[in-house]
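In: Prediction below, plus the sequence it came from.
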Amino acid sequence: MLTIEVAFMVHKELAYGQLEEQDAEVLSRVLSFVEDAPVWGDSTLVHAAARKGHGINEALNKEPWALNELDCNGESPLHVASRFGNKNAMEDLIQANASVNMKDFAGLTALMLASFYEHIDCVRLLLRHSDINIGQRDNYGRTALFHAAMACDPEVVAALLEEGASPSAGDNDGQSPLYYLGKYCTNHERLKQTLRLFLASGKINIDTVDDTGASPLVQAIISNRVAPLRCLVEAGASMQLLDIDGCNVLHLAASSDLDVLQYLLSLDPTLFRGISPNQLNKWLDTPLNDFQGTLSPGNIDYREEFSHEASEAAFAQLLQIAQDENLRWETNVLESALTHVRQSRVDEARSQLNSVVVQREKWKDGESVRYYRGISQQIQAGDFEGVITALEEDIEDLRGQIGSSPWLEDSDSSLSDSSDIASSEEEIDQTDGDEDDNDAYETAESGDEAENEDTGTAL
């Protein structure tokens, strides 16, 4: 038998979801597998008044026992009033001593609901209550500030922060509210303002990492959320970080959808300096290896929503940009080192070479690290002629690699010429419109188990 929480999920989806008749019928059948399931539609006069926004006192006179009662959706009257933004009903319920910290079946409180649905007056009403617990968590470890971050309402976020809500608190997966930005909102201006509020608090690092070693920027790429990714990049989030598996931004982009790839292509190429297309993760795979894996027969459905050819072309150009940017940088550094050697400036020349060594160490390129350290030792020993010859050859070799294809010659994939797509690349949709927050939230509340397992962000 299923638990009563499942019945609450089903009832909530039937009550608030936008279902086809056939889907509603299937969900209704689930209730037969729940022992002592609440009756669909079972509620109280107080719940009805909370939803309408008036008549609370009259309903309480008839059903005083219903003040903190859960209906068939697993919600108290105060939850219902908060969901619909009925401030007057909330005031009457609180005056009657309704519990302001009571949780519904999913662990949601009235403050969490009011925060998500952007009912700022209701949020302020609850925050004024002496018993309110602003740090209370739902079943997934999320506070009201997390729910406000999902909706990206700067006014609600500001109110919660002013009352001491912690922007650095982690959920059950170690993710802070920053990870939830843009979950149900794509409005760039609201996202930017909300992110600015979090960073201005001085209590959160934009490059903080969760239990998997992923930063908010990394998570935005993994989740294919372009809107928050754009805001994080504009706010200075690092693109250099590796996740817990040693994957860089290019590894992650290999599994991203076309919108994310096209956004990354729109960035200043210098942002990819230090991000190697040859970086090996803990499984010894390069970004190209990972991309080829997504095109294998077992994963072909993964990319069914967009053209394989468009994806290949975009990813090819992304690798090309990263490759060429790093080649140009290293060429410039070696040219500078060569100039210093010719002028017998030992310390300056070795300093330039050291920057290459440091970068190659990050890429775990041991052979290159040993080579350039050897060149540095030659400089220190005064073997300038040998060093000049070696650096001139290295510079010529690096210049020759710029513009070369980053694809493996023996690749089985139908790989595209990255130079062919620049003119045909579609503009990224920067639309400042919001998605339907309420519908998305109801779906999440109803138990999107798949998202729960994958991201830990379902409600």
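Out: Arrived safely, thanks for sending.

In: Read off the pLDDT value for the one residue sitting closest to the centre of the chain.
Out: Centroid-nearest residue in the chain: A220, 3.0 Å away (criterion: C-alpha atoms, centre = their mean). If you check A220, the pLDDT there is 96.

In: can you tell me which residues contact it?
Out: G182, V226, P228, L229, L232 (C-beta atoms under 8 Å, 6 or more residues apart in numbering). In short, each C-beta sits where N, CA and C put it, glycine included.

In: how close does it sit to L178?
Out: Separation of A220 from L178 (C-beta to C-beta, to the nearest Å) stands at 10 Å.

In: same question, Q193
Out: For Q193, the distance to L178 - C-beta to C-beta - is 14 Å.

In: cool, L391 as well?
Out: As defined by C-beta to C-beta, L391 lies at a distance of 44 Å from L178.

In: Contacts only, for the closest residue to L242 other than its chain neighbours.
Out: Among residues not flanking L242 along the chain, N248 sits closest, at 5.6 Å (C-beta to C-beta, 6 or more residues apart in numbering). Neighbouring residues of N248 by C-beta under 8 Å, 6+ apart: Q240, L241, L242, I275, S276, Q279, P287.

In: one more time with 10 Å
Out: 218, 239-242, 272, 274-277, 279-281, 286-287, 322, 362-363 (C-beta atoms under 10 Å, 6 or more residues apart in numbering).

In: same deal with C231?
Out: Applying C-beta under 10 Å, 6+ apart, the residues near C231 are 152, 181-182, 188-196, 216-217, 220, 237.

In: Quick one: buried ones out of those residues?
Out: Among these, the ones that count as buried by 16 or more other C-beta atoms under 10 Å are 152, 181-182, 188, 190-195, 216-217, 220, 237.

In: quick one: which helix or strand includes the residue nearest to the centre of the chain?
Out: helix 216-222 (DSSP states H and E).

In: tell me how far that helix is from the chain's mean position?
Out: Averaged C-alpha coordinates place helix 216-222 at 4 Å from its chain's average position (C-alpha atoms, centre = their mean, to the nearest Å).

In: buried residues in the lengthiest helix in the chain?
Out: In terms of residue count, the longest helix belonging to the chain (DSSP state H) is helix 308-342. Burial within helix 308-342, assessed by neighbour count using 16+ other C-beta under 10 Å, is assigned to 310-331, 333-338, 340-341.

In: Mind checking the pLDDT average for the helix or strand just after that helix?
Out: With elements assigned by DSSP H and E, the helix or strand that comes after helix 308-342 is helix 346-362. Averaged over helix 346-362, pLDDT sits at 97.

In: let's number from 41 now, not from 1
Out: Taking 41 as the first residue, the last one we looked at is helix 386-402.

In: what's the angle from helix 386-402 to helix 348-382?
Out: Here helix 386-402 runs at an angle of 160 degrees relative to helix 348-382 (axes from the mean of the first three to the mean of the last three C-alpha atoms, to 10 degrees).

In: just checking, what packs against helix 386-402?
Out: helix 348-382, helix 406-421, helix 424-441 (3 or more C-beta pairs under 10 Å, 6 or more residues apart in numbering; DSSP states H and E).

In: Quick one: distance of that helix to the chain centre.
Out: 35 Å.

In: CA atoms of that helix as PDB?
Out: Taking Å, rounded to 0.1, in the frame of the first residue of the first chain, the C-alpha atoms of helix 386-402 are listed here in PDB:
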ATOM      1  CA  VAL A 386      66.200  35.900 -16.300                       C
ATOM      2  CA  ASP A 387      63.600  36.500 -13.600                       C
ATOM      3  CA  GLU A 388      61.000  38.000 -16.000                       C
ATOM      4  CA  ALA A 389      61.400  35.100 -18.500                       C
ATOM      5  CA  ARG A 390      61.100  32.400 -15.800                       C
ATOM      6  CA  SER A 391      58.000  34.200 -14.400                       C
ATOM      7  CA  GLN A 392      56.300  34.000 -17.800                       C
ATOM      8  CA  LEU A 393      57.200  30.300 -18.200                       C
ATOM      9  CA  ASN A 394      55.900  29.700 -14.700                       C
ATOM     10  CA  SER A 395      52.400  30.900 -15.700                       C
ATOM     11  CA  VAL A 396      52.400  28.300 -18.400                       C
ATOM     12  CA  VAL A 397      53.500  25.600 -16.000                       C
ATOM     13  CA  VAL A 398      50.700  26.600 -13.500                       C
ATOM     14  CA  GLN A 399      48.100  26.400 -16.300                       C
ATOM     15  CA  ARG A 400      49.400  23.000 -17.500                       C
ATOM     16  CA  GLU A 401      49.400  21.700 -13.900                       C
ATOM     17  CA  LYS A 402      45.700  22.500 -13.700                       C
END
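
In: Now do the buried residues in it.
Out: For helix 386-402, burial by neighbour count (16+ other C-beta under 10 Å) applies to V386, E388, A389, R390, Q392, L393, V396, V397, Q399, R400.

In: Let me have these in CSV, extended by distance to F156.
Out: Listed next are the buried residues of helix 386-402 as CSV, based on distance: C-beta to C-beta, whole Å:
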residue, distance to F156
V386, 62
E388, 57
A389, 58
R390, 57
Q392, 53
L393, 54
V396, 49
V397, 50
Q399, 44
R400, 47
